[in-house]
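[1] Got a predicted structure here, sequence first:
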Amino acid sequence: MSKNFYLLDCTLRDGGYYNNWNFDNNFINNYLSSVSLAKIDYVEIGFRFLKHDINLGELAYTKDSFLKKIKIPKNIKIAVMINGEEYKNQIDKLNKNFLLCKNSKIDLVRIAININKIDNIKEIAKHIKSKKYKVAINLMQSNQVKKNKLIEIIELIKQWNCCDILYFADSLGAMDHVEVKRLCKIIKSKWNKHIGFHSHDNRSLALSNSLEAIKNSINFIDSTILGMGRGAGNLQTEKILFELNRLKVHNGNVKGLSVTLKDFSKLKSLYNWGSNVFYHFAALNNIHPTYIQTLLSDQRYTDNQIYDSIDFLSKNTSLKFDKNKMMNSIYLHEKIKSGKWNATDWLKNKKVLIIGSGPSVEIYKKKILKFIKENNPKVIFLNINKAFDEKLGIATIACHEARILGDIKMYKKLRNPIIIPFSNLNPYIQNNLKNNNIYDYSLTLKDDSFKINSNGCILKWPLAIAYALAITTQANANKIYLAGFDGYSKSDTRQDEMNEIFNYYSKIKNKIKIYMITKSSYKIK
């Protein structure tokens, strides 16, 4: 075991993947005070992203001006992480983003880079070092290269003469203690400075893997409060402190964390991070954990769909997250189907108002009602509508099985027609809705498709708005108005998905003009 051992807590940086780095200052100050009392050595407090998004919190950028506003105890050192690929060929912006170390609250800058792209950060690392910061290089997916390649990379970094800590990261949460021991041995044979290990808990092995690294004289170990971190999360700070005390390599005090543990317990109940069968399955197949985090955070996907998705991804290289590949993994096995209801000319030459569930529906309820009175459109609700009397609408449209299942009791009470892909749904839903007035319009999911037929459609997305646009188009409506489609933050993948739907629709031959009548961030007039 190393006598020069340091514990680095990166909760706010890694945990920020769950809340877009939106931690308020009181929360941050409580956290910093707690980790100080617990005698944590370093705190990696956030990222320093280049691209600005107003929906991301302060710790996505961790500007020096922000660091002056929070209370940083004197006994902890502050680190930030940058993504090497983002700063590639951006030395001018790097220079602007980092003051000289003596003028900053930051002590350590960690550069994260995929191990196969190490050449891209040479100038970045040297420039940061020239400003007198400690420099750490975080080799992501470090177990994905063979021994000779890893040795070659280590020798290359040594030549740069600017790296103080060389980290190897279990980015996919796939390692076990045997692999950790192997990597420690290789790195130590060629690297004579500090070595760090960053674990993920996809297989519930973060603690045992970290203990193996410590046993092999690693100098830096990362951890997070309650394991909060991307995907399944990380090594838990409170657990490793107990073990470090037992091993007599660190004199941290778990009691010091009591205040911040209460704060993070509330977040855990909200975001529900932690290892589960899906993360474990993905780790065993070298699948990037963002696939699982994205699938689990979206209630549209059933457990069976997630299993099928992981199975598909396991048969294709999935080391990097790709939203399109994720969608393919769920839906490409679908067979073309046909419903029993023909939507042709159902709304011929009629104005149609489709009402979604965004907050603007309640905010502009009176104005929406006035619009309906003055324009007399045919009103269609998407999913379960709670804002208006159902008698106002001619139908309710829904298409996603998981969402229908979750609201099944409310669907049973609806008296106006329900347009759903009834023949495609599971028997339980069919049995529960057998007494409803059902218009059975099929939905087949297929990549890069927006095809509309008389009895069904073939779409890329399992979303009610895409399904509704297909139906109203086949029904030959005259105009389509939308209300309650407010939009999401720029960083939310659902925003891109919705804009993609509208973009696809705008390119089909028989499209109908769409107008928004409530405020929206989507690219529609």
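    Thanks, I have the structure now. Residues are numbered from 1 along each chain as shown.

[2] CA atoms for contacts and neighbours, from now on please.
    OK.

[3] I'd assumed Glu238 was in contact with Leu207.
    No: Leu207 lies out of contact with Glu238 (Cα atoms under 8 Å); the separation is 10.9 Å.

[4] now the nearest residue to Asp486 once chain neighbours are set aside: how far from Phe502?
    Spatial nearest neighbour of Asp486, chain neighbours left out: Ser520 (4.2 Å); criterion: Cα to Cα, 6 or more residues apart in numbering. Using Cα to Cα, to the nearest Å, Ser520 is found at 13 Å from Phe502.

[5] Quickly list what's touching both of those two.
    Common neighbours of Ser520 and Phe502 (criterion: Cα atoms under 8 Å, 6 or more residues apart in numbering): none identified.

[6] coming back round to it: so who does the residue nearest to Asp486 touch?
    484-487.

[7] Might you report the residue contacts of Val180?
    Contacts of Val180 (Cα under 8 Å, 6+ apart): 209, 212-213.

[8] what's the spacing between whatever helix or strand it lives in and its chain's center?
    If you go by DSSP states H and E, Val180 is part of helix 177-190. How far helix 177-190 lies from its chain's middle: 31 Å, per Cα atoms, centre = their mean, to the nearest Å.

[9] For the chain, which helix or strand comes out least confident on mean pLDDT?
    helix 323-331 (a mean of 71; mean pLDDT, DSSP states H and E).

[10] Quick check: which helices or strands does the next helix or strand after that helix pack against?
    Counting by DSSP H and E, the next helix or strand C-terminal to helix 323-331 is strand 351-355. For strand 351-355, the packing partners by 3 or more Cα pairs under 8 Å, 6 or more residues apart in numbering; DSSP states H and E come out as strand 378-382, strand 479-483.

[11] which neighbours does strand 351-355 have in its sheet, and in what orientation?
    Applying DSSP bridges, strand 351-355 is found paired with strand 378-382 (parallel), strand 479-483 (parallel).

[12] How about the residue in the chain that sits furthest from its center?
    For the chain, the largest distance from the centre (Cα atoms, centre = their mean) belongs to Glu374, which lies 42.6 Å off.

[13] returning to that earlier point: please convert the contacts of Ser520 to JSON lines, extending it with pLDDT and neighbour count.
    Formatted as JSON lines, these follow (pLDDT from 0 to 100; neighbours: other Cα atoms under 10 Å):
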{"residue": "Gly484", "pLDDT": "95", "neighbour count": "24"}
{"residue": "Phe485", "pLDDT": "94", "neighbour count": "23"}
{"residue": "Asp486", "pLDDT": "93", "neighbour count": "18"}
{"residue": "Gly487", "pLDDT": "91", "neighbour count": "19"}
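
[14] helix/strand/coil for the spatially most central residue of the chain?
    Nearest to the geometric centre of the chain sits Thr294, at 5.2 Å (Cα atoms, centre = their mean). Following DSSP: H, G, I helix; E, B strand; the rest coil, we place Thr294 in the helix state.

[15] What separation is there between it and Met326?
    9 Å.

[16] from the helices and strands packed on strand 351-355, which stretch is densest packed?
    strand 378-382 (a mean of 22; mean count of other Cα atoms under 10 Å).
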